[in-house]
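S.K.: Below are the sequence and a predicted model for it; my questions follow.
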Amino acid sequence: MKIVYCIKGTYNSGGMERILANITNYLADILDYEVHVITTEQRGRAPFYTFSEKIKFYDLDIRYWDLPGFSFFKRKILFFYKQIIHRRKLESLLFDIKPAITVSMFDEDAFFLSDIKDNSIKVLATYFSKNVEIDFLRSRGGGFLKTIRARQINRRNARLVRKYARFVTLTREDAGLWGDTGNLEVIPNAISFYPKALPDYSSQSVIAVGRLDPQKGFDMLIEVWKLVALQYPEWKLKIFGSGPFEKDLKQQIKNSDMENHIFMKPAVSQIIDEYLHSSVFILSSRYEGLPMVLLEAMACGLPAVAFTCPCGPKDVIEDGINGYLVEQDNIYHMAEKISIMLNDQDKRKEMGLKAKEIVREYSEEHVMKQWDVLFKKLIKEKTSPDVN
């Protein structure tokens, strides 16, 4: 089967890029799909993650990411113009490739992809929660007018998803927010590794991983660790990632006199060794879709402490069983639950082993079977419209 994925780019170290690499590699190498990836912002940069040599890449060079440098009105005009160019280029390429299915990862192509009449089946996949725009503004202190705009975008997206043959969410929690769209599927992220080795539960090292921006809540985690370090000064927090808030976070650590307790580390494409040299994983995000880093840490046998952000942690963590769920943004409660973990090595091991077992259902084999079944079902529905 010939399939196309549309995404902004593959050069970042983000979750969507990792998800795309995992899915397309499996489709190409294991299921023998012919996979094509179409980007708009790649500009010749190498992918951050490793992709199969069988996958074909194309960049349309639209450059949406140039827009933030312009004024509001000029940005709107340029966006409209870029959408026209984008549609024209993407439409032409799809007619050349002739895929059976085209998948949008809910980037700018989502606004018009369903209207392109190239005969491919259109699938829309979201990797954030329904309320991502509102959550985004909340993470940055958005005002009243921006919140109104976010709600308008939310309503627009609710109409948009119904135009696709299937709309795929990552979690049951998020599916419930979208309601009955008539085309909804829930397929979670897949774990690309499941090591036999267990972490060193005696290690006095705690790990957090993610892009350095407000979404990931590392500013709150630094405040949490100030409280934890008062009781456990020998323990270290390592934050792995890169992004626009790196300087701000390093300055916050310095201002908090936490330079001997919190360590910023660059993003790495092979994070498994870092998980195995830690004994607890922390997720401090303000919002998510279904965080890959949470699944991967648990697959390595790490117990997790996470805010109850939308969406993901509540689907994976059983509070008090394989980790702790913490009231969103409550740094005191987060510090309390982390301290319980640090105080008891046996609890870390017990919860970590249960975490490792629970995430087996997110294995690549299990998740990719769901994608394969969905794609084949869509083809069958197209050729036999009366099939339920």
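M.R.: That came through fine. Residues are numbered from 1 along each chain as shown.

S.K.: how about residue 295, what does it touch?
M.R.: For residue 295, the contacting residues are 189, 191, 316, 359, 362, by C-beta atoms under 8 Å, 6 or more residues apart in numbering. Just so you know, the C-beta spots here come from the backbone N, C-alpha and C atoms, and that holds for glycine as well.

S.K.: how far away is the second one from residue 22?
M.R.: Taking C-beta to C-beta, to the nearest Å as the measure, residue 191 and residue 22 are separated by 8 Å.

S.K.: so what sits against both of those two?
M.R.: Between them, residue 191 and residue 22 share the contacting residues residue 364, judged by C-beta under 8 Å, 6+ apart.

S.K.: give me the number of residues near residue 360?
M.R.: 12 (other C-beta atoms under 10 Å).

S.K.: can you pull the contacts of it?
M.R.: Contacts of residue 360 (C-beta under 8 Å, 6+ apart): 194, 366.

S.K.: my hunch is that it is in a helix, does that hold up?
M.R.: Yes: counting by DSSP: H, G, I helix; E, B strand; the rest coil, residue 360 is part of a helix.

S.K.: Show me how far stretch 188-199 is from its chain's centre.
M.R.: Between the centre of stretch 188-199 and the centre of its chain there are 16 Å (C-alpha atoms, centre = their mean, to the nearest Å).

S.K.: Between its first and last residues, how far does that stretch reach?
M.R.: Start and end residues of stretch 188-199 are separated by 25 Å (C-alpha to C-alpha, to the nearest Å).

S.K.: I'd like the next helix or strand past the lowest-mean-pLDDT helix or strand in the chain.
M.R.: Within the chain, no helix or strand scores below helix 132-139, which has a mean of 65 by mean pLDDT, DSSP states H and E. Next along the chain after helix 132-139, taking DSSP states H and E as the criterion, comes helix 144-160.

S.K.: can I get the CA coordinates of that next one in PDB?
M.R.: Output of helix 144-160 as PDB, limited to C-alpha atoms (Å, rounded to 0.1, in the frame of the first residue of the first chain):
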ATOM      1  CA  PHE A 144      -9.300  37.600  27.500                       C
ATOM      2  CA  LEU A 145      -9.300  38.400  23.800                       C
ATOM      3  CA  LYS A 146      -6.800  35.600  23.000                       C
ATOM      4  CA  THR A 147      -8.900  33.200  24.900                       C
ATOM      5  CA  ILE A 148     -11.900  34.100  22.800                       C
ATOM      6  CA  ARG A 149      -9.800  33.500  19.700                       C
ATOM      7  CA  ALA A 150      -8.700  30.200  21.000                       C
ATOM      8  CA  ARG A 151     -12.300  29.100  21.600                       C
ATOM      9  CA  GLN A 152     -13.100  30.100  18.000                       C
ATOM     10  CA  ILE A 153     -10.200  28.000  16.800                       C
ATOM     11  CA  ASN A 154     -11.500  25.100  18.900                       C
ATOM     12  CA  ARG A 155     -14.900  25.300  17.300                       C
ATOM     13  CA  ARG A 156     -13.300  25.500  13.800                       C
ATOM     14  CA  ASN A 157     -11.300  22.400  14.500                       C
ATOM     15  CA  ALA A 158     -14.400  20.600  15.700                       C
ATOM     16  CA  ARG A 159     -16.000  21.200  12.300                       C
ATOM     17  CA  LEU A 160     -12.700  20.400  10.400                       C
END
